[in-house]
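Chemist: test case, fold it:
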Amino acid sequence: MAGTLTFLLVCSLLQGALCEKWAINMPQNINVLRGSCVTIPCSFDVNSDHEKNLDHTCKAYWSDSHQFNSENAKLKPTKDMTGDLTKKDCTTTFSDASLLQSTKYYFRLECNNDLKFTYSQAGEDISVKDVPPSLTLTPSTLEVEEGTSVSLTCSAPAPCWSHPPALTWTPNLGQSQETLQENQDKTKVKTSVMNFTASHLHHGNKISCTAVYRKQDGSTDVTAETSLTPDISYSPKNITVSVSPSGPVPENSNMTLTCSSNANPAVRNYTWYRADGDQETFIGTGSSFNVTVSKVKSSFFCKATNALGCERSRNLQIDVQYSPKNVTVSVSPSGPVPENSNVTLTCSSNANPAVRNSTWYRADGNQETFIGTGMSLSIKVCRDTRALFCKAENEIGVGRSRNMQIEVQYPPQILLSSHCSSTQSQLNCSCETLGNPSPTIQWYLNELPVNHSKCEIFNETLNRTILRSFFTLNQPHKKDRLTLLCRSFNSLGSASQQFCVSSQQISTEHRLLYPAIISTLAVLLLALLLYVFFIRVQKNPCKNKGHLTDENNTVAMSQPLTEEGNEEPNTTEECIYANADGLRRAENLHPANIAGPSSTDLPSSGPKNAEGGCKKSDKKGDENELIYSNVNWKRKSKKKKGEKSLDMNPPGRSYLGEEKCMVRGVNRNFVSNAVEMGSLYAQVEPRNMRKEVGCEYAQVKFKEPRAMQK
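Modeler: Residues are numbered from 1 along each chain as shown. Coordinates of the predicted model:
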């Protein structure tokens with residue numbers, strides 16, 4: 001309540017000489033709520049001569065007349081109702097406003113001394129009302145953008161200082177703070193300040209401040225209210241998409257989409273998008289849009305744009321019904337499983353409405369064989385288990401899965417297609433094996449593993465479970481009997497197949513050559529015998545056989561001994577080599593010296609001889625020399641200690657002997673077992689050869705004839 005200060009200067013001429021000042025300060029008018037209390041703020045001033053008269057005996061009186069005294073005053077407040085008059089404070093509180101009337105009241109000061117004065121220059125206009133005073137809201141209007149900090153102040157007059165009004169905010173948008181403030185005319189006002197941040201939720205919603213005045217006469221409290229409606233600007237909010245027709249729709253149906261939003265200022269543009277996972281595909285504009293929906297085209301959203309920004313709606317998922325799609329079969333346990341294991345098959349699909357029936361089939365080529373129903377199926381698997389698939393059915397249609405081939409693991413098996421074939425120069429074998437995991441093949445020849453350096457091995461993978469291996473051996477005819485083994489293995493086990501091949505089975509073409517070779521050797525032997533017989537006819541018959549020595553001729557035998565110095569028995573085949581060049585000079589022969597061969601002239605007894613038998617060894621030198629060599633292959637065996645004699649003529653074996661004959665005074669030497677020379681240059685392979693083999697070597701040399709000394 002605003003008032004105007006009235007200042008009154010009273011000049012009185014006391015005895016016509018002195019001018020003194022009397023003044024009073026109070027509001028020009030005050031509104032009083034009937035039944036409530038009221039406080040009149042007041043202050044005064046007195047003549048300086050009467051300053052000494054302001055004491056505790058001074059009293060305040062109020063009346064609606066200019067001329068009154070303590071006797072006829074209408075209002076006689078007590079000291080507790082007024083201020084400290086000694087300090088010139090005449091503020092007065094009337095607890096019962098019913099004593100007041102709507103009129104102008106004047107103040108009079110009386111003390112128990114000479115100080116008695118009525119301030120008639122200025123009065124207080126009091127208005128008694130049945131309604132409370134009006135409230136003030138600052139600011140009176142609110143237009144801000146969303147996110148702005150706002151402060152609202154509500155002010156209510158407080159005519160009764162001891163019982164000011166209670167202020168409340170509706171809605172309470174933030175913290176508020178209340179204070180009792182004093183106006184310039186000394187009247188008081190109750191204020192409440194509320195602070196908050198403007199939101200789109202406040203837009204268009206009334207904000208009010210209410211003051212409650214309590215009456216002291218016991219009557220009902222009264223309230224006063226003031227309000228404003230804020231204008232909040234914001235970007236589009238609450239964007240929603242509606243669809244028509246609503247509810248589930250069949251696939252490929254036509255639908256109408258509508259985009260709605262709340263914005264200030266209004267939305268100026270709508271755009272439509274299809275949600276493709278994390279991608280968004282623009283499809284059109286406008287508040288409404290027509291689309292054809294499907295299983296993969298059933299999620300949509302819109303964006304709304306105004307001057308303050310752009311916002312989007314949530315994805316609208318249209319309930320599109322379709323037959324089962326993406327039908328798949330899963331196996332538990334997953335991965336490869338051992339043969340004869342139990343597995344569980346599960347049929348899964350994507351369908352709307354949900355699948356009501358699942359059936360299982362076995363894929364038999366172009367046929368399909370029904371094997372069961374249900375979402376899950378338990379079966380026992382083996383290596384011959386065919387591919388399986390399932391069908392899922394709902395009210396719309398049926399979907400089929402792809403064929404599921406279960407990977408069954410089993411140990412290797414060698415197939416019946418494994419075989420061997422041979423030619424004159426090669427033995428060819430193939431071994432075909434079946435297994436999962438994929439098997440590996442190892443060949444064994446005569447119980448020993450075969451590597452690529454001794455033969456040719458080629459592996460061919462036909463598929464994940466079938467492996468074929470080819471084995472090639474050159475010159476198999478050199479072996480009397482071959483034992484060939486194919487072994488297949490994987491992590492689950494192994495299998496083997498043995499192939500037995502004898503020298504007579506190697507090649508039919510090779511066997512047909514044997515008669516020709518034998519016939520050729522027989523002809524050569526016959527020719528040699530005739531030639532030897534012709535030579536012997538020309539000479540004297542031999543008169544002596546045996547092992548002879550003289551001063552000019554010696555026969556040296558070389559036989560291998562054991563580590564103990566004992567001779568090894570001759571238990572193997574013999575080979576005889578001869579140089580026949582000297583026979584043509586038989587007429588001119590003289591007695592020759594016979595000496596043992598050097599180590600460099602002997603044939604090797606290494607591995608090659610063990611494999612292919614004995615080989616021819618020719619010593620280059622004097623063309624007139626004739627050299628006979630006898631090689632005895634023997635097994636190593638120890639003789640008893642002390643047996644040191646050498647048997648030069650073991651039964652049934654070849655031996656080297658010397659015969660000495662006298663013809664026309666010329667000594668001639670020849671080998672007594674000339675018949676055995678029919679095997680000239682022939683190779684005789686020892687049988688049952690092993691690494692532990694000994695050989696005997698001997699040489700007979702015929703030298704040029706020379707004159708006898710004696």
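Chemist: contacting residues around Pro164?
Modeler: Ala156, Ala158, Leu180, Lys188, Lys190 (C-beta atoms under 8 Å, 6 or more residues apart in numbering). Every C-beta, even on glycine, is put in place using the N, C-alpha and C of the backbone.
Chemist: so it, which of the three states?
Modeler: Assigned with DSSP: H, G, I helix; E, B strand; the rest coil, Pro164 falls in the coil class.
Chemist: from Gly218, how far out is it?
Modeler: Computed as C-beta to C-beta, to the nearest Å, the Pro164 to Gly218 distance reads 19 Å.
Chemist: for the stretch 1-150 of the chain, what are the low-confidence residue spans?
Modeler: 1-20 (pLDDT under 70).
Chemist: all strands of it, in order?
Modeler: For the stretch 1-150 of the chain, the strands defined by DSSP state E, counting those that start in this stretch cover 23-25, 29-33, 38-40, 43-45, 59-63, 92-94, 103-110, 116-129, 136-138, 143-145, 149-157.
Chemist: assumed Ile518 was part of a strand.
Modeler: No: going by three-state DSSP, the assignment for Ile518 is helix, not a strand.
Chemist: distance of it from Pro411?
Modeler: As judged by C-beta to C-beta, Ile518 and Pro411 stand 51 Å apart.
Chemist: please say which of those two ends up with more neighbours.
Modeler: Counted by other C-beta atoms under 10 Å, Ile518 and Pro411 do not tie: Pro411 has more neighbours, with 19 against 10.
Chemist: does that one sit in a helix, a strand or a coil?
Modeler: strand.
Chemist: ignoring the adjacent residues along the chain, who's closest to it?
Modeler: Distance criterion C-beta to C-beta, 6 or more residues apart in numbering; nearest residue to Pro411, sequence neighbours excluded, is Gly493 at 3.0 Å.
Chemist: for the closest residue to Ile414 other than its chain neighbours, which residues make a bridge with it?
Modeler: Using C-beta to C-beta, 6+ apart and skipping the chain neighbours, the partner closest in space to Ile414 is Gln497 (4.5 Å). Gln497 forms beta bridges with Cys486, as assigned by DSSP bridges.
Chemist: would you map out the domains in the protein?
Modeler: Domain ranges of the chain: 23-129, 136-229, 234-318, 323-406, 420-508, 522-638+652-702, per automatic domain parsing.
Chemist: about what we covered before: quick check, nearest of the contacts of Pro164 to Lys237?
Modeler: If you rank the contacts of Pro164 by distance to Lys237 using C-beta to C-beta, Ala156 comes first, at 35.2 Å.
Chemist: what about the stretch 401-550 of the chain, any weak spots by pLDDT?
Modeler: 452-454, 476-480, 502-514, 539-550.
Chemist: ok, the closest residue to Pro338 other than its chain neighbours to Cys382 distance?
Modeler: Counting by C-beta to C-beta, 6+ apart, Gln409 is the residue found nearest to Pro338 once chain neighbours are left out, at 5.5 Å. Going from Gln409 to Cys382 by C-beta to C-beta gives 11 Å.
Chemist: so what sits against both of these two?
Modeler: Common neighbours of Gln409 and Cys382 (C-beta under 8 Å, 6+ apart) are Glu339.
Chemist: who's more crowded, those two?
Modeler: Per other C-beta under 10 Å, whichever of Gln409 and Cys382 has more neighbours is Gln409, with 19 against 12.
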